[in-house]
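Chemist: Next input, structure requested:
(chains A and B)
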Number of protein chains: 2
Amino acid sequence: MVTPSDAEFFLAIDVGGTKLAAARVDGDGVVHRRGQVPTAPSAAGHGDELWRTLLALVDDVCAGGTPLGVGVGCGGPMRWPVGAVSPLNLPAWRDYPLRDRLCARFPNREVRVANDAIAMTIGEHWRGAGRGAAGLLGIVVSTGVGGGLVLDGRVVAGVTGNAGHIGHVVVDPDGPACGCGGRGCLEAIARGPVLVQWAIDQGWRPADGALADGRTLLAGARAGDPVCAAAFERAGTALGIAIGSAAHLLELDVVAVGGGLSAAGEFLLGPARAAFAEHVRMSFAAGCRIVEAGLGVDAGLIGAAAFVAVGDRYWPAGAD
Amino acid sequence: MVTPSDAEFFLAIDVGGTKLAAARVDGDGVVHRRGQVPTAPSAAGHGDELWRTLLALVDDVCAGGTPLGVGVGCGGPMRWPVGAVSPLNLPAWRDYPLRDRLCARFPNREVRVANDAIAMTIGEHWRGAGRGAAGLLGIVVSTGVGGGLVLDGRVVAGVTGNAGHIGHVVVDPDGPACGCGGRGCLEAIARGPVLVQWAIDQGWRPADGALADGRTLLAGARAGDPVCAAAFERAGTALGIAIGSAAHLLELDVVAVGGGLSAAGEFLLGPARAAFAEHVRMSFAAGCRIVEAGLGVDAGLIGAAAFVAVGDRYWPAGAD
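Modeler: Sure thing, here's the model as predicted:
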C-alpha cells in the first residue's frame, strides 16, 4: 500500500545521549515511520562508528523513498548552523561534521541541524502544547535543563544557535555551583541528578534493588514519601522563578515543560506555578500558562522535521 | 537655507514623566531640530490640556514642513499597538488616545507609538552603542528599570508591546517587595529611589541643602563616600545578575545601559560586569559586552523615528 508518507516525507533525526531516533514526518507534522537504536555500544568509540549506526537507522526509515529534506535535533554544544556537533553525552562525536555527512548521503536536499531543546520547542509550537502561541518557551528538564524560544511566532536561535538556555537563568545568586562554571543557575537546582542527590542527602533511600534515579524518586513521591515530594517541590519552585523572569522579559504566552522529569506532572509543575504566581503579577506576564509538553518523545522529531518542512517560521532567516 | 531636514524628515516624540521632547530626525537617524517642554504644569490636569502642550511643541518643531511619518516613545503602560497610553508618571493621561490624536493631526501619515524603553533600545541599535548587534538588550535605569530587545537583528515587542521588562527579572527570590506585586525583582533593588533610601538607611545624609537623590548620591560616591559607592555597587551587582540571566536565555551580544542612573558610569557598570563574570562562563554568553548607552537623551527620539523610518526591522510585522 502506498501512503502519502511513502511518496512525500521529511526525515527527522533526534540525537540524544542514550538513543538515536529517526522518523518519516509528513508536511502536517504527523509521524509515519519511526525507529530508534541505543547509542551506548558505539558512543565511546570512533565517531564514524556512531555515524554508521545512525546511517543504518536512517536507511531503514527511508527505505523505498527519498526525503524532501532532513532536520536534526542534537544535544549541544555544536557549531551552528554548520552542524558540527559535540553532544556532551556522546564522547564519540567531537566537532563531528554531522550535517556534512547527511548532505553527502542526501545530495540536493536541505539538511538543517539545531539544538535538541530548540527542536522540542518547535515541535510543541507546530503540533503540540504551544500551538498558536506568540511567545513560547519550551523547557526540557532531564539530566540537564535546556530550552528553546518562539517569539512573535518565530524561532529565536541566536547567532550561534544557543538562545533558549533557560537552565542558566540565575534563580539564587548565592546558590550551588553549576556545571557551567556559574552559581545558582536553574540547572544547578532542578536537573535530575541534583534532585536525587538532594533527596539522598535528606535521608531518602530507594527501595530494595531500585536505582537511585528520577523514576524511583517519582515513585516515592507518588507513594507519599515527603522527602521525594520535597525534592520535586524544590526543583519546581526554582523552575517557576526562572519562568517568571523569562515571562517578564519576553511576554510569554505558554511555557511547555518536557523531558524525563516532566513525568512528575503536578509534583513539579504545581510548585512551579505557585512560585510563578508569587513573583509575577503584572497582567502582560501573569497570564502565561505553564503546561506539560504535549508530544512526549516525538516532540524533538516533529520539531526537527519543521526545520525543513516549515522553514520560513521555524528556521532563522539567513542561517543556512 | 533649505537643509534636507526641511524637505524630508520624520517626527520623533518622547513622552517622559518630567518632559515632552520632539525632534525632526532624518532617514539616517540624525536629529536636526529638537524642542522640549516640562510636563509638570499640565500633567495633573485634563488630558486634552497636556495634548495641547504637546501639539504646540510638535507644531513648532514641524513648522514649515510635514513629516514623512511619526514615531513616539512613551512611558508605559499602554494599549499597544493602538497607542492608548497611561504613563505611570503622567496621571493626566489614562488610556489616552495619543496615536489617534496624532493620526488626526497628520492625516495619511504612519503614526507608531511604543514603550519608551523599546524606543531607547532601537535608537541604540540603529545609531548608538548597539549598532550591528544581533542580540541587544537596552536598559533604562532611572525611577524604574525598563528595557527593550533586539534579537536576531529585529525588535521583539511581544503581543501587547511589553517584551523587554528586564526590571522584573528576579535577582533574589527572597528579596524586597517590588512595586509590581512580586518580590526580589531587579527594579526593587536597582531603581534610583531605592538606592537613595538604602544609603539613607546606612546613615548617609546629603550635604547641606542638597536633595537626597541619585545625583547627590553619585556626587558622594565620586567624593569617596563609601556608603554612596556601596549603594551603586549593590544596584550594579543586581543588574549584572539580571543581565547574566538574559544573556543565557537570549544569546546577547551587547547590553546598553542608559537612563539617569547610568551617569554613575563605572560605579554602576563595574559591579555589574563583575557579577556578570561570576555567573556567566559559557562562551556563547560570556562575550556579551555591558556598555553605557551612546546616544544619551536623544536615544528615545532616534528610536522613535526608527519605528517609521526603518519600519521593516524596527517594528514588528503585522503590529499596525
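Chemist: quick check: domain ranges of chain A?
Modeler: Domain segmentation of chain A under automatic domain parsing yields A:4-120+A:298-314, A:133-294.
Chemist: Name the stretch among the ones you listed that sits most buried.
Modeler: Sort these by mean neighbour count, taking mean count of other CB atoms under 10 Å in any protein chain shown, and domain A:133-294 sits at the top with a mean of 22. To be clear about C-beta, it is placed using only N, CA and C from the backbone, and glycine gets the same treatment.
Chemist: before we move on, back to that, of all the domains of chain A, which one comes closest to residue B:16?
Modeler: Judged by CB to CB, the one of those that comes nearest to residue B:16 is domain A:133-294, at 20.7 Å.
Chemist: Distance from that closest one to the middle of the chain?
Modeler: 12 Å (CA atoms, centre = their mean, to the nearest Å).
Chemist: Now that domain: average pLDDT?
Modeler: Computed over domain A:133-294, the mean pLDDT rounds to 96.
Chemist: gap between residue A:193 and residue A:144?
Modeler: Computed as CB to CB, to the nearest Å, the residue A:193 to residue A:144 distance reads 9 Å.
Chemist: got the end-to-end distance for stretch A:71-78?
Modeler: Stretch A:71-78 stretches 15 Å from its first residue to its last (CA to CA, to the nearest Å).
Chemist: so which helix or strand takes in the residue of the stretch 1-150 of chain A found nearest chain B?
Modeler: With CB to the nearest CB as the measure, residue A:134 is the residue of the stretch 1-150 of chain A nearest to chain B, at 4.6 Å. Assessed by DSSP states H and E, residue A:134 sits outside every helix and strand.
Chemist: For it, give me phi and psi.
Modeler: phi -80, psi -40 (degrees, to the nearest 10).
Chemist: Next, the closest residue to it other than its chain neighbours: secondary structure please.
Modeler: Leaving aside its chain neighbours, residue A:134 sits nearest to residue B:159 (4.6 Å; criterion: CB to CB, 6 or more residues apart in numbering or on different chains). Look at residue B:159: counting by DSSP: H, G, I helix; E, B strand; the rest coil, its state is coil.
Chemist: close enough to count as contact, residue B:159 and residue A:251?
Modeler: Yes - assessed by CB atoms under 8 Å, residue B:159 is found in contact with residue A:251 at 6.4 Å.
Chemist: Overlap in contacts, the two.
Modeler: Common contacts of residue B:159 and residue A:251 (CB atoms under 8 Å, 6 or more residues apart in numbering or on different chains): A:134, A:135.
Chemist: before we move on, the earlier item: how much space separates the residue nearest to residue A:134 from residue B:141?
Modeler: Residue B:159 sits 26 Å away from residue B:141, going by CB to CB.
Chemist: so where do the strands sit in the stretch 101-250 of chain A?
Modeler: Counting by DSSP state E, counting those that start in this stretch, the stretch 101-250 of chain A has these strands, from start to end: A:110-115, A:136-141, A:145-151, A:154-156.
Chemist: With distance to residue B:52 as extra columns, can I get those strands in CSV?
Modeler: Output for these, formatted as CSV (distance: least, CB to CB, whole Å):
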stretch, distance to residue B:52
strand A:110-115, 54
strand A:136-141, 44
strand A:145-151, 39
strand A:154-156, 41
